[in-house]
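Student: what's the 3D shape of this:
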Amino acid sequence: RPSPAVVRAFLLPLGALLASTSLAQVDFTLRPERGQLLPRHPSSGGAHAAVAGTVTLDGAAAVRLVVRRAGFVEPYFEGRRALAPEGEDEEGSFEETTFAFAPLLEAGLWNYSLELELLGDQDALLESCTVATDVLVGDVYIFAGQSNARADTGISLGIGMSQWVRSYGSAHPSAFALRAPGWYPAQPVAFEGRGQVGALAFHFAERIVEIAEVPVAVINGAVNGTRIESHAPAAAVDDPYSIYGRTLQRIQGAGFQDSVRAVVWYQGETEAEGTTDYAYEDAFRALRGSWLQEYPTIERTFVLQIRSGCTVYDNDLVAEAQRNFARSVPDVTVVPPTGIDRSDVCHYSYDEYGELGDVLAGEVLASLYGIGTPIDPPDALDAEWDPLRGTVTVRFRNPGAGLELDDGSFRRFAFDAPVPLQATDAWSSEDTLVLQLPLGVRPRRVSYVGNVLNGPWMRASDGAPAFTFALDVRSRYLRSKNLISRR
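Tutor: Got it, this is the predicted structure:
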């Protein structure tokens with residue numbers, strides 16, 4: 001049984017989004033819910049609001065649907081339908097008549113309200129009722145992963161509730177939550193009540209709203225401390241007590257199954273020890289395949305690369321697998337969270353999640369909306385050891401991005417070598433990084449590990465933070481010798 005605090009968290013948002021009032025003489029078979037976000041269709045730029053039902057009021061000859069946008073005097077849409085008879089009783093008189101409307105509502109920062117009028121002879125108004133209010137038209141995103149995707153910062157309930165960002169149901173696994181779906185304005189807290197999407201998703205959605213001027217719905221199914229296999233479909237795909245099934249049921253309940261634009265994935269810290277890069281990639285490919293099967297409209301998946309902290313330390317293969325997703329997995333954009341100073345060894349503060357949400361939103365705006373330019377993080381290609389100079393030179397895939405090092409950055413590189421090894425200096429040119437090492441020790445592997453909390457950082461010349469990486473190091477001397485022997 002949920003605690004009183006949990007019950008209060010579920011019930012508090014209800015004051016804003018109570019069920020719409022209606023007449024006893026109208027039985028609706030289709031209509032939007034109050035507070036609902038209708039997903040826009042890419043071809044029309046809007047969504048059809050289906051309103052249908054039957055009227056049992058004696059003397060009703062027609063119905064009129066009136067759609068209004070907040071702030072506008074004139075109706076956005078007016079449609080009249082003569083009532084079509086549905087059945088005949090024993091005396092030959094019609095008692096039930098049907099109607100149907102599907103006006104196209106334009107996506108944008110507008111609240112729509114829908115009202116149904118029952119009309120008599122010569123269209124005299126007999127009765128009217130509210131169909132739905134506070135209806136939006138916009139875009140849909142799924143967030144998934146573990147604690148940094150959940151992004152619970154302990155913000156008090158009611159702080160930061162958004163007019164233009166919505167969510168449906170709750171990620172809470174209790175039976176109480178599953179029995180009480182509904183639409184709610186999003187809040188940047190997670191997840192003891194409905195409408196609570198976490199700080200990262202909230203800031204991301206607010207930024208999309210601000211720049212693209214379109215409302216956003218977020219379904220966040222992240223769960224703390226979970227491995228990637230915990231997010232895979234259960235034997236019963238829609239099992240509400242599985243992470244995958246609970247998210248699927250919420251998407252289905254919201255009517256979003258054919259409308260999800262993208263998935264944001266931030267997970268991997270729990271995997272970090274004892275997981276190979278290829279095992280993690282295989283699991284991610286399988287999970288992404290399941291998403292595409294359930295949500296075929298997904299245009300792109302955005303992966304936040306895990307950073308140092310929690311269980312992620314030197315030479316992490318999961319972070320390296322994620323870095324390579326952009327090349328090895330179709331339609332994936334990888335976003336590095338390095339470069340953002342944070343105050344906790346695992347997580348971020350509310351404002352720090354806001355900074356990360358802005359970076360993520362910038363990538364989504366560039367990729368899906370054609371607004372702005374995607375960042376071009378320095379992305380390591382290969383590493384070579386020069387035994388005569390005692391240096392490791394790292395080349396990057398994107399030389400045009402430039403490369404800049406904060407003072408002391410050389411301390412943020414780790415080496416796999418026969419003896420403990422630490423760089424003593426580092427410098428950069430347009431497309432290469434050179435690390436100075438003591439002479440006589442050959443490193444087998446070099447890693448850029450970033451920072452647990454604050455800088456120094458490695459960046460592109462435009463400020464884009466570098467991906468962390470882990471590369472095998474080849475020997476310049478052995479490579480030259482092999483070339484000579486082949487000649």
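Student: Just the C-alphas of stretch 277-297, formatted as CSV.
Tutor: In CSV, the C-alpha atoms belonging to stretch 277-297 read as follows (Å, rounded to 0.1, in the frame of the first residue of the first chain):
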residue,chain,number,x,y,z
ASP,A,277,32.5,-3.0,-25.2
TYR,A,278,31.1,-5.5,-27.7
ALA,A,279,28.8,-7.1,-25.1
TYR,A,280,27.3,-3.7,-24.3
GLU,A,281,26.9,-2.8,-27.9
ASP,A,282,25.1,-6.1,-28.6
ALA,A,283,22.7,-5.4,-25.7
PHE,A,284,22.1,-1.9,-26.9
ARG,A,285,21.5,-2.9,-30.5
ALA,A,286,18.9,-5.5,-29.2
LEU,A,287,17.2,-2.9,-27.0
ARG,A,288,17.1,-0.3,-29.8
GLY,A,289,15.6,-2.9,-32.1
SER,A,290,12.8,-3.5,-29.6
TRP,A,291,12.1,0.3,-29.4
LEU,A,292,11.9,0.5,-33.2
GLN,A,293,9.5,-2.4,-33.3
GLU,A,294,7.2,-0.8,-30.7
TYR,A,295,7.7,2.8,-31.8
PRO,A,296,8.3,2.8,-35.6
THR,A,297,8.4,6.6,-35.9
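Student: Could you pull out the buried residues of it?
Tutor: Within stretch 277-297, the residues that count as buried by 16 or more other CB atoms under 10 Å are 277, 280-281, 283-284, 287-288, 290-292, 294-295, 297. Glycine gets a C-beta too; all of them are placed from N, C-alpha and C.
Student: How far does that stretch sit from its chain's centre?
Tutor: In terms of CA atoms, centre = their mean, to the nearest Å, the centre of stretch 277-297 is set 16 Å apart from its chain centre.
Student: same check, this time on stretch 194-211
Tutor: Per CA atoms, centre = their mean, the centroid offset for stretch 194-211 relative to its chain is 9 Å.
Student: Same check on stretch 395-403?
Tutor: Here stretch 395-403 is found 29 Å from its chain centre; the criterion is CA atoms, centre = their mean.
Student: which ones are touching V66?
Tutor: P75, F77, E78, L114, E115, L116, E117 (CB atoms under 8 Å, 6 or more residues apart in numbering).
Student: Could you dump these into JSON lines with distance to I219, secondary structure and pLDDT added?
Tutor: Formatted as JSON lines, the contacts of V66 follow (distance: CB to CB, whole Å; DSSP: H, G, I helix; E, B strand; the rest coil; pLDDT from 0 to 100):
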{"residue": "P75", "distance to I219": "32", "secondary structure": "coil", "pLDDT": "96"}
{"residue": "F77", "distance to I219": "28", "secondary structure": "strand", "pLDDT": "97"}
{"residue": "E78", "distance to I219": "34", "secondary structure": "strand", "pLDDT": "97"}
{"residue": "L114", "distance to I219": "24", "secondary structure": "strand", "pLDDT": "97"}
{"residue": "E115", "distance to I219": "29", "secondary structure": "strand", "pLDDT": "97"}
{"residue": "L116", "distance to I219": "30", "secondary structure": "strand", "pLDDT": "97"}
{"residue": "E117", "distance to I219": "35", "secondary structure": "strand", "pLDDT": "96"}
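Student: right, and out of the residues you listed, which lies closest to V67?
Tutor: Checking the contacts of V66 against V67 with CB to CB, the nearest one is F77 at 3.9 Å.
Student: Could you double-check that the closest one sits in contact with L65?
Tutor: Yes. Applying CB atoms under 8 Å, one finds F77 in contact with L65, separated by 7.2 Å.
Student: Quick check: neighbours shared by the two?
Tutor: Residues touching both F77 and L65 by CB under 8 Å, 6+ apart: P103.
Student: Those two: which is more packed in?
Tutor: A direct count of neighbours by other CB atoms under 10 Å for F77 and L65 places L65 higher, at 23 against 16.
Student: ok, the helix or strand hosting the more buried one: who's next to it in the sheet?
Tutor: Secondary-structure assignment from DSSP states H and E places L65 in strand 62-69. Using DSSP bridges, strand 62-69 pairs in its sheet with strand 77-82 (antiparallel), strand 112-119 (antiparallel).
Student: Please identify which of these is closest to Q257.
Tutor: With respect to Q257, and counting by CB to CB, the nearest of the strands paired with strand 62-69 is strand 112-119 at 22.4 Å.
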